[in-house]
Every structure is written in structure tokens, then in C-alpha cells.
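Undergrad: Prediction below, plus the sequence it came from.
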Amino acid sequence: MKFGTKVIHAGIEPDPETGAVMTPIYQTSTYAQEAPGKHKGYEYARTQNPTRKALQDNLAALENGNFGVCFSSGLAAMDTVLKLFNPGDEVIATNDLYGGSYRQLTKVHERYGIKSHFVDMRAPENVVKKINKHTRLLWIETPTNPMLNIVDISAMCALAKAHGILTCVDNTFASPYLQTPLDLGADLVLHSATKYLGGHSDVVHGAVVVKDEALAQQLYFLQNAVGAVPGPQDCFLVLRGIKTLHLRVERACKNARKIAKFLDSHPKVSKVYYPGLKSHPQHELAGRQMRAYGAMVSFDLQKDNFEDAIKVLSGTRLFTLAESLGGVESLIGHPATMTHASIPREERLKVGLTDSLIRLSVGVEDVEDLIEDLEQAFVHL
Ligand SMILES: *Cc1c(COP(=O)(O)O)cnc(C)c1O
């Protein structure tokens, strides 16, 4: 089955009871048993829910995996993945990653004895330097947030395998339409389904997909034992969002490419970070690893000027100033004070995340209107 068919059909059957074409929202906490222990595969809704099962099966298909595991948020999914490990174990993570992921690794799991190292994964030797006998996991985010660097997933996974280390790729920015890390050797792929999968900024949700059955069983155990599960209504919204994933992402990528070119030639802009530009240092790698270059664009203004950045951020009318990404509507954000405020300033500056860096999540509107909106926001600089 090809991608555009999978989003609509994989894991989804008409309801056996009524024939309902859309997966029903099974809003129940428990299920009647015929006799003690004799049931239809559903006992209690933390453990199993049919709406959630349809979504888990659909996500497994989209990522070319075998098992999907859903959670109440992307960070809940991450927390559960890290509960696969023990005190004394170590993680090597991409240095330029989602602020909440950095916060969870440093402020939560570190307290439980799991140490994290943050390295620039564009150069494999940076990872090799941190590998020791305690290393259990490579945490890879690509494209990175907000600098839009590309990590070579195949190279990282090969390196990890040679050392007996698991790999988890946070695929939130690309979505499975653009990139399928399990095909490139990853053991786990994680999503904040809040973003492109949900796609309409109306739900918070997370998921993990794996190929290996033993790993899946550990995750299902933790899903039930820890209990950070999504409600059926949220699973329904993500299922509904996924049906148009390919259409939305394709349009958003086209828009983003035009916007990146517009910004690249704008006199008030000093630098544009977008893997689709030929000038991007990993343009070629992005082309190999991804189906298109994504719909996230970051840019910096002349002279690292914080005041000018604030003017642009508060001057757009169509681009809404808000955290998050991946919805149909375009958003504009200021990583230094918003999504990445939990990362210390000196750490931010090391990766190029200045106080004037602006991040766009390009939506599916008409691109002429989006460009006009940015143009008028630049007028007062
Ligand atoms: C939003 C996001 C997360 C966290 O997901 P939530 O659903 O907000 O908990 C993790 N990784 C990336 C790349 C994200 O953008």
C-alpha cells in the first residue's frame, strides 16, 4: 500500500457492530466480561481501547513498523521510552533539540540516574567520543529544532548498532510522510502527534512506533503500568488528522520553499535556515533522507537585533504568534523566549540560537498572502 492509501485505510475497518465507516470514539473506561477473564480482548481502557488500537495500527503502518504505542503527549511518549532504561545508563542526544525534551532529560531523568550527553550529531566523531560502556540510547532529532540541521539517520544507526546501542528518532518535524527512520535502521520512532499528525492544533498526543516485538511488549507494559495514555476522543482527532497528512504536508512544504526563497533574498534578513535551500550545508543529505524539505523555516535578522525580532513577531497578522507547529495555519515563534526558554542562553548561543532568531511553521494557506504578511511586518524595521 502506498502512503496516501495507508493514511486512510491502514488499521481502519468499518465498525464490526454497526458498519460505521469512521472509527467510533469508544468513550468507556471498562468492558463487560462474559465470565471472569472471558472477554473480547478489552478489559480496562488504560490497557486497551478500540479507538486507540485503530490509531496505533495506523501509525505502525505509516512508519513502516509493526507496533504503534500511543500516549497522552509527545513528552509522555518520551518519558515512557526512557523508562526502558535503568539508573547508571546513559543517553547521547542531539544538542539542538526540542526544549521540552532537553528539560525532561536534564531535570527529570538525570534525577533518576540516567545521564545525558548533548552533542552535535552532524559529525559522528562527536558521538563516538561520548560512547562508553554505560551508553544505552542515541536520541536523534532531525531536522533539528529550531536550527533545521539534518542528522544522518543511517550513519547514526549504523554507529549505534556497532556498539549495541538503541536509537530513537524524534520524527515530529518531518512526519512519516517525509521521513521513515525505521527504514534507515532506527529501533524506535517517536512523535508529538500534537504537530503534523494531528495537524489542526486541536489535540495534544504522542506516539512511539517500533518493529521489534520484544521492544513493543516492553512499551505496552510501560504504557499500561505508567498510564500516560490518551483518551479516545484525542485518538479520534489524530486519526482524523492523519487522513489528510500527505496533502497538508505536501502543500506546506511547497509554501515553505517559496517563503524560504523570499526570506533569503530579503535585505533585512541575515540568514535563513531551511534544508531545501541549496546553500544549506546538508541540502544533499536532506534530499537523500527526506521526501521533501519540510515546512519549518527559521531565520535571523541583521545584527542579532532582539528589538527588531519583537517587531516582526508582533507585526504579522496571518502568522499567529504561538508555540507549537504542524497545523494547517501558519505560526511564528521566538525560540529564545518561547519553545527554547528552558535551555540556558549560553547553550542556545552555541548552536546559533540567537535572541533574534525567528521560527516559522508554514501552514497550507495561499503562499502569496503569507509572503505579503511577512513583507508588511518587515516594513517598520
Ligand atoms: C512538541 C514536540 C515534542 C513534545 O510533544 P508534546 O506533544 O508537546 O508533549 C517533542 N519533540 C518535538 C520535536 C516537538 O516539536
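TA: Right, received. Where do you want to start? No experiment lies behind these values; they were computed from the predicted model shown.
Undergrad: Show me which residues of this protein are close to the ligand?
TA: Within the chain, the positions lying close to the ligand (Cβ under 6 Å from any ligand atom) are 73-75, 98, 100-101, 141, 145, 170, 172-173, 192, 194-195, 204, 206. Every C-beta, even on glycine, is put in place using the N, C-alpha and C of the backbone.
Undergrad: Run through the helices of the stretch 251-381 of the chain in chain order.
TA: Assigned by DSSP state H, counting those that start in this stretch, the stretch 251-381 of the chain shows helices spanning 283-289, 306-315, 345-350, 367-378.
Undergrad: Export those helices as JSON lines, with columns for distance to residue 21.
TA: Converted to JSON lines, the helices of the stretch 251-381 of the chain look like this (distance: least, Cβ to Cβ, whole Å):
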{"stretch": "helix 283-289", "distance to residue 21": "36"}
{"stretch": "helix 306-315", "distance to residue 21": "43"}
{"stretch": "helix 345-350", "distance to residue 21": "48"}
{"stretch": "helix 367-378", "distance to residue 21": "34"}
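Undergrad: Let me have those in a markdown table, extended by distance to residue 68 and mean pLDDT.
TA: Formatted as a markdown table, the helices of the stretch 251-381 of the chain follow (distance: least, Cβ to Cβ, whole Å; pLDDT from 0 to 100):
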| stretch | distance to residue 68 | mean pLDDT |
| --- | --- | --- |
| helix 283-289 | 22 | 98 |
| helix 306-315 | 36 | 95 |
| helix 345-350 | 33 | 88 |
| helix 367-378 | 33 | 97 |
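Undergrad: about what we covered before: nearest to residue 357, of the residues of the chain next to the ligand?
TA: Nearest to residue 357 out of the residues of the chain next to the ligand is residue 145 (Cβ to Cβ; 11.4 Å).
Undergrad: Please identify the residue of the stretch 1-150 of the chain positioned nearest to the ligand.
TA: The stretch 1-150 of the chain approaches the ligand most closely through residue 74 (2.3 Å), counting by Cβ to the nearest ligand atom.
Undergrad: For the helix-or-strand element of the chain with minimal mean pLDDT, list every residue counted as buried.
TA: Ranked by mean pLDDT, DSSP states H and E, the helix or strand of the chain with the weakest confidence is helix 345-350, at a mean of 88. Neighbour-count burial for helix 345-350, counted by 16 or more other Cβ atoms under 10 Å, picks out residue 348.
Undergrad: gap between that helix and the chain center?
TA: Mean-position distance between helix 345-350 and its chain equals 22 Å (Cα atoms, centre = their mean, to the nearest Å).
Undergrad: So which residues make contact with it?
TA: 95, 118, 335, 336, 340, 354 (Cβ atoms under 8 Å, 6 or more residues apart in numbering).
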